[in-house]
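Student: no sequence for this one, just the structure:
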């Protein structure tokens with residue numbers, strides 16, 4: 001039944017919903033989606049979306065003491081103010097990374113924030129960490145019924161406030177720690193992600209250098225957080241630079257890595273002329289696919305299961321997700337595919353993963369993690 005519903009939805013989205021959605025400015029479409037999610041949650045209408053889900057015990061994993069019913073989740077960047085958890089769960093996501101949130105409310109960069117590159121399966125993102133602040137995020141998370149979080153782990157992504165006042169490392173570290181301290185006191189999320197790699201904020205990415213990252217993580221260690229910490233990694237570093245960051249992270253109380261963030265390098269576009277040079281922002285979707293998979297593969301080759309890896313970037317199909325899992329990712333998160341393929345894509349990917357497990361004679365998804373490294 002679910003397969004039939006998803007097939008019908010796929011056709012309907014491609015022929016009706018997507019053309020209508022893509023006539024609207026991306027910023028307006030994004031806002032409408034948030035309003036719709038809020039309305040559905042208010043009337044419990046998200047129950048109508050459950051036909052898109054695909055469930056199979058072979059996709060279940062216990063990671064860091066948490067149960068994930070499947071490895072496909074919602075990546076940070078879409079649900080900055082935690083409007084979507086109940087909807088994300090109903091369409092079949094196994095987890096969500098919400099935010100990024102900051103210690104203080106942030107209006108973000110001047111609009112427009114988004115630009116579609118349909119021929120590239122990419123969105124140019126220049127949001128600049130717009131969010132209502134960590135206190136409001138905590139309030140919103142607490143507003144949901146406990147049933148929403150049952151077998152649906154939430155990770156809260158934390159960044160430094162996008163302000164000239166938080167450019168200096170000392171102030172920026174205090175900003176990160178303020179958010180993490182509030183989250184820890186609230187006890188409302190089982191996972192934390194520290195976003196060191198937002199490419200569209202004041203001061204750039206100061207903690208993507210080893211010396212500054214060491215200072216940040218030393219300060220985070222002193223908080224003695226009770227929840228596992230992930231680091232959201234940059235994608236624009238050489239492997240040598242990336243590996244130096246990993247060597248710092250390895251020495252601190254960090255459980256996992258999210259690989260990775262948006263791509264700055266516009267040469268990764270099939271046709272760079274589709275994006276004028278004066279358009280600000282970085283690239284999601286297909287341009288990030290090969291870069292992030294390569295970084296996952298190299299990281300797993302170097303560290304094995306020392307880190308739980310969440311693979312992000314250019315995941316549109318089960319094959320895309322499976323490639324990242326075989327490279328070493330335990331979990332995979334997406335955003336752009338929802339816009340280009342429709343919300344049924346999560347169920348499609350999960351069903352496709354089971355077919356790939358059958359092809360490769362694996363009993364469960366956990367057997368496929370890092371398989372590309374085994375002969």
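Tutor: Looks like it came in fine. The shown structure was predicted, so the numbers you read here are calculated from the model rather than taken from an experiment.
Student: what secondary structure does residue 115 sit in?
Tutor: Applying DSSP: H, G, I helix; E, B strand; the rest coil to residue 115 yields a three-state assignment of strand.
Student: OK, contacts around it?
Tutor: 26, 123-124, 275, 279, 281 (Cβ atoms under 8 Å, 6 or more residues apart in numbering). Just so you know, the C-beta spots here come from the backbone N, C-alpha and C atoms, and that holds for glycine as well.
Student: so it bridges to which residues?
Tutor: residue 124 (DSSP bridges).
Student: tell me the spacing between it and residue 276.
Tutor: Using Cβ to Cβ, to the nearest Å, residue 115 is found at 10 Å from residue 276.
Student: so where is the stretch 101-250 of the chain shaky, pLDDT-wise?
Tutor: 166-167, 202-203 (pLDDT under 70).
Student: quick check: the residue nearest the centre of the chain vs residue 204, distance?
Tutor: Geometric centre of the chain, nearest residue: residue 75, 2.0 Å, by Cα atoms, centre = their mean. Between residue 75 and residue 204 the computed distance is 21 Å (Cβ to Cβ).
Student: thinking again about what came up before, the residue nearest to the centre of the chain: what's it in contact with?
Tutor: Residue 75 neighbours (Cβ under 8 Å, 6+ apart): 97, 312, 333-335.
Student: same check, this time on residue 346
Tutor: 52-53, 72, 91-93, 334, 338.
Student: at 6 Å what do you get?
Tutor: The contact partners of residue 346, by Cβ atoms under 6 Å, 6 or more residues apart in numbering, come to 72, 91-93.
Student: buried residues in the strand or helix carrying it?
Tutor: Residue 346 is part of helix 345-359, with elements assigned from DSSP states H and E. Neighbour counts over helix 345-359 (16 or more other Cβ atoms under 10 Å) mark 345-354, 356-357 as buried.
Student: ok, residue 107 - how many residues close by?
Tutor: Counted with other Cβ atoms under 10 Å, the neighbours of residue 107 add up to 12.
Student: report the buried residues of stretch 294-314.
Tutor: Result for stretch 294-314 [16+ other Cβ under 10 Å]: buried residues 295-300, 302-303, 306-314.
Student: typo on my end, stretch 184-199
Tutor: Under 16+ other Cβ under 10 Å, the buried positions of stretch 184-199 are 184, 186, 188-199.
Student: among the buried residues of helix 345-359, which one lies nearest to residue 143?
Tutor: Among those, residue 346 lies closest to residue 143 (Cβ to Cβ), at 23.6 Å.
Student: which SS class is the nearest residue to that closest one once chain neighbours are set aside?
Tutor: Distances taken as Cβ to Cβ, 6 or more residues apart in numbering put residue 92 closest to residue 346, at 4.2 Å, once the chain neighbours are dropped. Three-state call for residue 92 (three-state DSSP): coil.
Student: quick check, residue 92 in contact with residue 347.
Tutor: Yes. With contact defined as Cβ atoms under 6 Å, residue 92 counts as touching residue 347 (4.5 Å).
Student: what residues do those two have in common as contacts?
Tutor: 52-54.
Student: could those residues go into CSV alongside pLDDT and neighbour count?
Tutor: Below are the shared contacts of residue 92 and residue 347 laid out as CSV (pLDDT from 0 to 100; neighbours: other Cβ atoms under 10 Å):
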residue, pLDDT, neighbour count
52, 86, 21
53, 91, 21
54, 95, 21
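Student: quick one: the strands in the stretch 151-300 of the chain?
Tutor: 154-158, 191-195, 229-232, 256-259, 282-283 (DSSP state E, counting those that start in this stretch).
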